[in-house]
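> Fold the stuff below for me.
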Amino acid sequence: MDMVKEPIDQAGTLRSLSGNFARSALAAGEGRKFPQVISVTSGKGGVGKTAVAANIAIVLARSGKKVLIIDADLGLANVDVIFGLTPQFNLNHFFAGEKTLNEIVVEGPEGVCILPAGSGLQSTTHLSPEQRMRFLDAMEAFHGDFDIIIIDTEAGISENVTYFNVAAQQILVVTTPDPTAITDAYAIMKLLSTKYHEKRFNLIVNSVVDPDEALDVYKKLTLVANRYLDISIDYLGCIPYDKRMRESVSRQKVMVELYPKSKISSAFEDLAESLTAMIQNVQAKGTQQFFWQRLLSFGQGE
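Numbering: from 1, shown residues only. Below is the predicted model:
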């Protein structure tokens, strides 16, 4: 007989553990600065989520940050494509036990490092507890190497999407003014709030005509969220529509490289600055050990 799955109260349980993880790290002589882990997500595909992650990563790297992007769309690679990279190996090889993460990681523009995903293999679209454990252990090899880890999730509300979002210290939700994109952005926040007890989200509105259009999207989402959900949505900023974005994808170079003086590049710079300020001022969920423990414990006890 099938058992009804109950939501995990990860937030409460894991917050109580975070202090122990921090103390263990210090006791082991690992009292170094831990990287901030940020997920970039969306309920709907086609809103420019990967482009947002890639452009912000480049700007952060230019400011002196050491950045790693994890392409968490495990069945459909995106990040390496947008950077014009052709990695020989990817996370599929890691989860198959064929390669280590150090053998997979590749360096992109401005020193940004990427853990590329593979394409066309359904076997890695749902990670088993054993695969999560292996990933956790392998990530220890990168301990102290990065200031910021950006997780580019797949679109939608699959278990992998919720898995990486729950693990991240900050969640960036990308949407556009399109009504279906707004609806789907609300859907991912609702799921993460009601089932996984996430209470804080950061909104980026892409492909807008002007800032007022972005603020209108923000107002619509906050109005509904305030009525039906117990969450806070912080407005991080907006990105203007630019027809050259399609060109940048075709040329496999991000906008801040191709058109550094454009309005859209300035918008990405403003977003990176806002993100840096947010990281400095908002209390994180925990240490790096806490982050990886959230990754491991996701789905256990259901």
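> For the rest of this, base every contact and every neighbour count on C-alpha atoms.
Noted.
> any idea how far Thr162 is from the residue nearest the centre of the chain?
Central residue of the chain (CA atoms, centre = their mean): Ser39, 1.8 Å from the mean position. Separation of Ser39 from Thr162 (CA to CA, to the nearest Å): 10 Å.
> Next: Gly48.
Distance, Gly48 to Thr162, by CA to CA: 19 Å.
> Those two - which one has more neighbours?
Thr162 (21 against 17; other CA atoms under 10 Å).
> which non-adjacent residue is nearest that one?
Leu192 (6.8 Å; CA to CA, 6 or more residues apart in numbering).
> distance between the helix or strand where Ala54 lies and the chain's centre?
Per DSSP states H and E: Ala54 is located in helix 49-62. Remark: helix 49-62 is offset 11 Å from the chain centroid, using CA atoms, centre = their mean, to the nearest Å.
> again with stretch 44-64
Counting by CA atoms, centre = their mean, stretch 44-64 comes out at 10 Å from the chain centroid.
> now do stretch 161-175
Per CA atoms, centre = their mean, the centroid offset for stretch 161-175 relative to its chain is 5 Å.
> Going by neighbour count, list what's buried in the helix holding Ala54.
49-61 (16 or more other CA atoms under 10 Å).
> Which member of these is positioned nearest Ile157?
Nearest to Ile157 among the buried residues of helix 49-62, counting by CA to CA, is Lys49 at 14.3 Å.
> Assign the closest residue to the closest one other than its chain neighbours to helix, strand or coil.
Leaving aside its sequence neighbours, Lys49 sits nearest to Val174 (CA to CA, 6+ apart; 6.0 Å). Counting by DSSP: H, G, I helix; E, B strand; the rest coil, the backbone at Val174 sits in strand.
> same thing with the one 10 residues further on?
Using three-state DSSP, the structure places Asp184 in helix.
> ok, now how distant is it from Pro35?
29 Å.
> Surely Phe83 is in contact with Met255?
No. Assessed by CA atoms under 8 Å, Phe83 is found out of contact with Met255, at 10.7 Å.
> More neighbours: these two, which one.
Applying other CA under 10 Å to Phe83 and Met255 shows that Met255 carries more neighbours, namely 25 against 21.
> do you know how far that one is from Ile70?
Taking CA to CA, one finds Met255 at 20 Å from Ile70.
> cool, and Ser128?
Counting by CA to CA - Ser128 and Ile70 are separated by 18 Å.
> which one of the two has more residues nearby?
Ile70 (21 against 13).
> quick one: secondary structure of that one?
Classified using three-state DSSP, Ile70 is strand.
> Cross-check the contact I'm expecting between it and Val106.
No. Ile70 is beyond contact range of Val106, at 10.8 Å (criterion: CA under 8 Å).
> what residues are shared contacts of those two?
114-116 (CA atoms under 8 Å, 6 or more residues apart in numbering).
> Of those - the most surrounded one?
In terms of neighbours by other CA under 10 Å, the shared contacts of Ile70 and Val106 top out with Pro116 at 30 neighbours.
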